[in-house]
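Asker: can't give you the sequence, but here's the structure:
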């Protein structure tokens, strides 16, 4: 044990590294080994998380009959409040303009604004100018969700006498005629009502849980 301790101490020095190169490679080296183990554990957790994401996507595809395509996000930008993503998939994987983009929890992220051969640009759902036909659940009212930026939607055409509570689910269904038209995706959560001059409808605000800036993997409904 004393010999091994001496050899380990020498191997940590420049002189020892020359005389005991094998010891430097094989024997534990304190903090360096701890960092290496931490790196390996982090990589293992990342692989487990990735496997979980793809398993969830596979289960969703099998249960809904909809084929999802996975892609990696390699760029995020926010120009004057308009958020966009760039992903490493395009027409080579059958992705076209207008396709829906979901996160790993199958919340709506946005739509494909431009599709190149190997790269596509994603327009985030809550950007100003984007509108979706949505439902407030459990009430069931059909409304129009308008993006106002920053993950916020303004829900129009909500009947003034309809009870809407904080935390109500705002769902979005794709256009009829598509394989996923019977599937409801999560668009946002009601956070409150906004003042309006209308005596027939009231405006409701909803917030999306999706944070585009931290997304690394997304799924696309072609």
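Answerer: It's in. Keep in mind that what you see is a predicted model, and the values were worked out from it rather than measured. Numbering: from 1, shown residues only.
Asker: all contacts plus neighbour counts: C-alpha atoms, from now on.
Answerer: OK.
Asker: Just name the shakiest helix or strand of the protein by mean pLDDT.
Answerer: One helix or strand of the chain scores below all others by mean pLDDT, DSSP states H and E: helix 21-26, with a mean of 47.
Asker: who's in contact with residue 165?
Answerer: Contact analysis of residue 165 by CA atoms under 8 Å, 6 or more residues apart in numbering lists 190-192.
Asker: Tell me the one of those residues nearest residue 70?
Answerer: Of all the contacts of residue 165, residue 190 has the smallest distance to residue 70: 28.9 Å, by CA to CA.
Asker: how many neighbours does the closest one have?
Answerer: Number of residues near residue 190 (other CA atoms under 10 Å) recorded here: 23.
Asker: same check, this time on the one 5 residues further on
Answerer: By other CA under 10 Å, the residues close to residue 195 number 8.
Asker: Spit out the contact partners of residue 114.
Answerer: Residue 114 makes contact with 96-97, 120-122 under the criterion CA under 8 Å, 6+ apart.
Asker: can those go into CSV with extra columns for distance to residue 86 and neighbour count?
Answerer: Output for the contacts of residue 114, formatted as CSV (distance: CA to CA, whole Å; neighbours: other CA atoms under 10 Å):
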residue, distance to residue 86, neighbour count
96, 14, 21
97, 13, 17
120, 6, 23
121, 5, 22
122, 6, 25
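Asker: Dump these into CSV; add distance to residue 69, pLDDT and secondary structure as well.
Answerer: What follows is those, written out as CSV (distance: CA to CA, whole Å; pLDDT from 0 to 100; DSSP: H, G, I helix; E, B strand; the rest coil):
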residue, distance to residue 69, pLDDT, secondary structure
96, 12, 92, coil
97, 14, 93, coil
120, 13, 96, strand
121, 15, 97, strand
122, 14, 97, strand
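Asker: low-confidence ranges in this protein?
Answerer: 1-32, 38-66, 175-182 (pLDDT under 70).
Asker: Residue 222 versus residue 92, what's the distance?
Answerer: Using CA to CA, to the nearest Å, we find residue 92 at a distance of 12 Å from residue 222.
Asker: quick one, which of these two is more surrounded?
Answerer: When residue 92 and residue 222 are compared for neighbours, residue 222 comes out ahead with 20 against 12, by other CA under 10 Å.
Asker: what about that one, distance to residue 155?
Answerer: The spacing between residue 222 and residue 155, counted by CA to CA, is 26 Å.
Asker: which residues does residue 145 bridge with?
Answerer: Counting by DSSP bridges, residue 145 forms beta bridges with residue 132, residue 155.
Asker: right, I mislabeled it, should have said residue 76
Answerer: Counting by DSSP bridges, residue 76 is bridged to residue 85.
Asker: Next, the contact list for it, please.
Answerer: Residues in contact with residue 76 (CA under 8 Å, 6+ apart) are 83-86, 212-213.
Asker: With residue 193 instead?
Answerer: If you count contacts by CA under 8 Å, 6+ apart, residue 193 has them with 202-205.
Asker: do that again at 10 Å, thanks
Answerer: 154-155, 164-166, 202-206 (CA atoms under 10 Å, 6 or more residues apart in numbering).
Asker: do residue 189 as well
Answerer: Contacts for residue 189 (CA under 10 Å, 6+ apart) come out as 136-137, 152-153, 165-171, 205-209.
Asker: For the residues you listed, which single residue is the most surrounded?
Answerer: residue 153 (29 neighbours).
Asker: separation between that residue and residue 67?
Answerer: From residue 153 to residue 67 the distance is 28 Å (CA to CA).
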